[in-house]
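Colleague: below are the sequence and a predicted model for it; my questions follow.
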Amino acid sequence: MPDTFFDAHQRATVEAAMARIIPTDDTPGAREAGCIDFLERYLSGLGYIFAKPDGSGFETLEGRSAEAWMRRVTIMRQTYRSGIEELDARARAMDGVDFIALPPERQDAVLRAIETSGGDDAPSAPADQPALQQTSTEVELPFLPLLVTHTRQGFYADPIYGGNRNQAGWKTIGFPGPASLAEVHAGRYTTLPYFADGEAEKVKEFHDGL
Amino acid sequence: MASERRMSKPARTDAVIIGAGASGAAAAKVLCEAGVKVVALEKGPWRRKESFGGDELANINRYSLWPDPLLNPRTWRRDTSDEARVDLFCPVPQMVGGGTVHWQGWLPRFTPDDFRMRTVAGDLPGATLADWPITYDELEPYYLKVEWAFGVSGQAGANRFEGPRSGGYPCPPMPMSRYAQKFHQGCAALGWNAFPTPQAALSRPFNGRRATVVSAFAQQHGDPTGTRSSALNVFVPDAVATGNYDLRPDSYVRELVLDGQGNIRAAVYEDAQGETFEQEADIFILACGAVETARLLLLSRSGRFPNGLANGSDLVGRNATFHEYSAAVGTYDDPVYAWAGGGYVSASTFQHYGHDESRGFVSGSHVAVAGVGIPLPINWHLPGAPSWGAEAKKIDRDYFSHSLAVAMVLHDMPQHDNRVDLDDEVVDAWGLPVARVTLKPHRNDLDQGRYLIDRGADILQASGAKGITKVYADRVTGNCSHQHGTARMGKDPDASVLDRWCRAHEVANLYAVDGSPFPTGTGANPTLTIMANAWRVADRIIAERGRARTAPER
Ligand SMILES: Cc1cc2nc3c(=O)[nH]c(=O)nc-3n(C[C@H](O)[C@H](O)[C@H](O)COP(=O)(O)OP(=O)(O)OC[C@H]3O[C@@H](n4cnc5c(N)ncnc54)[C@H](O)[C@@H]3O)c2cc1C
């Protein structure tokens, strides 16, 4: 199963942009979490769309679902190809070099310029809206909101998808995610210890995992 | 496909139920246990619990459970002058178990006044408020039956505004989350009544099932352990155990066809291979969810019903209501871990539920506490925060465990022009016109929404929140996955589609048991009432059959 999509320049460009979306500070950022590998897998085809629920590998897509996903991946590949070109074009227009050659503040300026040029009609990232129970339709997003969405997914999705390396994303925000999908699948993963003081103790007899 | 469509005719049965979600599975359990032979036709797959997992990306962002919008689109427009655009309006999983497959399952009862809102509030201009043809007292025994079948965890009597109960809950409330604790503290400081939100989950072992594991992957995730309660892991196994339930997944009903007497003769459906079947039965029960039930009626046109089945009144699809989920979001110095238990092991208040003339708008709604957003990391987002950059990361880090939402389930008003009909351009992956939702908020919806969000902010403040952001709802977006009203029940055949037994006024062997019969949407999560009502209708169908069998031959 291929697990890459970008050429070397495209990869470096997207990785650099991701590193501005979730920057590295005293805690890991998109770069350390491997968000680029997450995205490469996603765009590589249909091999990494759904992990098997016990974490033992990935589902094989068939029929209508496979067709829908191929359509989606094809659209997103095109959004990325032209988005990367836009990053470089704006970087060259501003400072005469490719996006990856810019210092971080100038990269931010490029991203902000793209953001403000979006216009009012452009759908914004789900992350821009009060995310109260909305389902995502990311395929319709323009380049920057799509990149923001995928960076976030790569940082916080289960590590099986190639990002969130060593649970870097979860550790950064203090989410005690399961050691692996298998833990949830087997019913060993519980969040009762994060309930009010003493509550887990009260129901201990009903839970092997506590 | 170039090949000619073959039409197969499986053996005739007693009852066909279309849809195997909350209502369809509830009706199936009751009918099958009474010896009625049921064929259930369910559009989606029959997934076993082993196929579910703790995978936020797959479950929420990639449509492992939600309908894929490329295959099952809907469209939405504000009014008839507006152009309809593709929108995943009010999606609900399409598979055995329906919406209950990935819910947390807040199961409050409606109040006695919910059944007579027109009498209580009078005429609201622009709205089509109507009393229900049934009362709380009639439904009460069925509430209890569903609560006990599901093993609902709750505290009887704790909701001061609830109607009389003939029995308590089978399980005590779920353990107290830190976010529920904040909510209780806030309400107590304000002198408002609060209660543990009744949940479709087991606080302790019940009926041979073990206590709910309280994973973070709950709301919007399927349950690999079978310890939460859903139609899939309660009603479906009950029905299967009778030997009378022929559940056919991957069976998409395209049309209902009539016989010479104007009764329904058969449901026409397509299986996963694209083969078409005609299933005949004595009676047909629609349980597709209020949107798809209206769509299927409108797709079923005939000489007798040129505007759609049972639609002589032109009311099929109209008066649609959907609720709206919005919140005041608060941040705290101390951690509240509002993702624990999936963020919906909650506390509630009905303090602002009942109608109060002095507020200047009709009715109110259920207000309860939850996580922010989904609320796991990928889809967690503090309202107003930037979406990228150092500041965005800092907010994730500082507030992911320190924020919660006090949310409302807006009681939107029924309106004649708010409706579901068939889109004239967009078709689904099977080539059928999709449901088009035309929906404009009533002034009352906006006013009530602002009032409730403000009360949520009061609770936050009273519980010590240090930052508060109000997210007012400026339209009804369908984000609750609650749907009702598209085939109103009522006494008058000119003003309703179904009678008080949820049987079509115009078609003697047609019933609908999902949310479509609800004359008003009410301000509470609907599914306990949907299932209780389905049980009531199923009991009636059994009684009628018994009567027919014992009636003397003429
Ligand atoms: C994330 C989420 C959380 C929720 N939380 C709560 C909650 O806490 N409390 C609450 O009360 N409610 C909640 N709900 C809403 C609840 O799921 C619905 O109210 C409930 O499922 C409606 O039941 P139903 O039987 O009307 O329809 P559904 O459960 O939607 O079932 C309808 C079924 O019919 C099938 N179908 C449709 N058309 C056809 C056709 N033409 N042929 C064959 N089959 C068809 C569908 O595939 C589906 O499986 C939640 C919903 C979601 C999505």
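Modeller: Arrived safely, thanks for sending.
Colleague: just the pLDDT for residue 143.
Modeller: Here I'm looking at chain A. You'll see A:F143 listed with a pLDDT of 97.
Colleague: other chain: chain B
Modeller: Per-residue pLDDT puts B:Y143 at 98.
Colleague: so which residues on the stretch 51-200 of chain B come close to the ligand?
Modeller: Neighbours of the ligand within the stretch 51-200 of chain B, by Cβ under 6 Å from any ligand atom: B:V92, B:Q94, B:M95, B:G98, B:G99, B:T100, B:H102, B:W103, B:Q104, B:G105, B:W106. To be clear about C-beta, it is placed using only N, CA and C from the backbone, and glycine gets the same treatment.
Colleague: who's in contact with the fifth one?
Modeller: Residues in contact with B:G99, defined by Cβ atoms under 8 Å, 6 or more residues apart in numbering or on different chains, are B:G21, B:A22, B:V92, B:P93, B:G289, B:S481, B:T527.
Colleague: quick one, phi/psi of the fourth one?
Modeller: Looking back up the chat, that one is B:P93. Per-residue torsions, B:P93: phi -50, psi 140 (degrees, to the nearest 10).
Colleague: so it touches B:H102, yeah?
Modeller: Yes - the criterion here is Cβ atoms under 8 Å, and B:P93 meets it with B:H102 at 6.0 Å.
Colleague: between these two, what contacts are shared?
Modeller: Common contacts of B:P93 and B:H102, defined by Cβ under 8 Å, 6+ apart, comprise B:L65.
Colleague: can the helix or strand where B:A534 lies be said to contact chain A?
Modeller: Element membership of B:A534, judged by DSSP states H and E, is helix B:527-550. No - applying Cβ under 8 Å from any Cβ of the partner chain, one finds helix B:527-550 separated from chain A by no less than 15.3 Å.
Colleague: after the longest helix seen in chain A, which helix or strand is next?
Modeller: Taking DSSP state H as the criterion, chain A has its longest helix at helix A:63-95. Using DSSP H and E, the helix or strand that follows helix A:63-95 in sequence is helix A:104-117.
Colleague: which residues sit against that following helix?
Modeller: A:16-17, A:19-21, A:23, A:86-87, A:90-91, A:94-95, A:99, A:102, A:143-144, B:388-389.
Colleague: which parts of it are buried?
Modeller: Residues of helix A:104-117 classed as buried: A:Q107, A:D108, A:A109, A:V110, A:L111, A:I114, A:E115 (neighbour count, 16 or more other Cβ atoms under 10 Å in any protein chain shown).
Colleague: likewise stretch A:32-49?
Modeller: A:32-46, A:48-49.
Colleague: phi first, then psi, for the residue nearest the centre of chain B.
Modeller: The centroid of chain B falls nearest to B:H482 when counting by Cα atoms, centre = their mean (4.0 Å). Main-chain dihedrals, B:H482, degrees, to the nearest 10: phi -110, psi 140.
Colleague: next: B:C32.
Modeller: Dihedral angles (degrees, to the nearest 10) for B:C32: phi -60, psi -40.
Colleague: so what's it up against?
Modeller: B:V38, B:D238, B:A239, B:T242, B:N244, B:Y245.
Colleague: who touches the helix or strand the third one falls within?
Modeller: Secondary structure assigned from DSSP H and E places B:A239 in helix B:236-241. Outside helix B:236-241, the residues that touch it by Cβ under 8 Å, 6+ apart are B:20, B:25, B:28-29, B:32-33, B:38, B:40, B:96-97, B:149, B:245, B:247.
Colleague: the ligand versus the closest residue in space to A:R72 that isn't next to it in sequence, what's the distance?
Modeller: Spatial nearest neighbour of A:R72, excluding adjacent residues (Cβ to Cβ, 6 or more residues apart in numbering or on different chains): A:V139 at 4.8 Å. Per Cβ to the nearest ligand atom, to the nearest Å, A:V139 is found 20 Å from the ligand.
Colleague: and A:V139, how far from A:H150?
Modeller: Distance of A:V139 to A:H150, computed by Cβ to Cβ, to the nearest Å: 12 Å.
Colleague: any idea which element A:A196 lies in?
Modeller: Counting by DSSP H and E, there is no helix or strand that carries A:A196.
Colleague: any chance of the backbone angles for it?
Modeller: phi -60, psi 160.
Colleague: number of residues surrounding it?
Modeller: 19 (other Cβ atoms under 10 Å in any protein chain shown).
Colleague: one step back: out of the contacts of helix B:236-241, flag the one nearest to B:G373.
Modeller: Of all the contacts of helix B:236-241, B:G373 sits closest to B:G97, with 23.7 Å by Cβ to Cβ.
Colleague: for B:P249, see how far away the closest residue to the closest one other than its chain neighbours is.
Modeller: Distance criterion Cβ to Cβ, 6+ apart; nearest residue to B:G97, sequence neighbours excluded, is B:L232 at 3.0 Å. Between B:L232 and B:P249 the computed distance is 11 Å (Cβ to Cβ).
Colleague: give me every residue in the stretch 451-554 of chain B lying close to the ligand.
Modeller: B:S481, B:H482, B:D514, B:G515, B:N525, B:P526, B:T527, B:I530.
Colleague: of those residues, which is the most crowded?
Modeller: Neighbour-wise, these (other Cβ under 10 Å) top out at B:D514, 36 neighbours.
Colleague: give me every residue that touches A:E201.
Modeller: Listed by Cβ under 8 Å, 6+ apart, A:E201 has no contact partners.
Colleague: please apply the same query to B:P526.
Modeller: Neighbour list for B:P526: B:H323, B:H482, B:H484, B:G515, B:F518 [criterion: Cβ under 8 Å, 6+ apart].
Colleague: which single one of those is nearest to A:P53?
Modeller: Distance to A:P53 across the contacts of B:P526 (Cβ to Cβ) is lowest for B:H482, with 27.2 Å.
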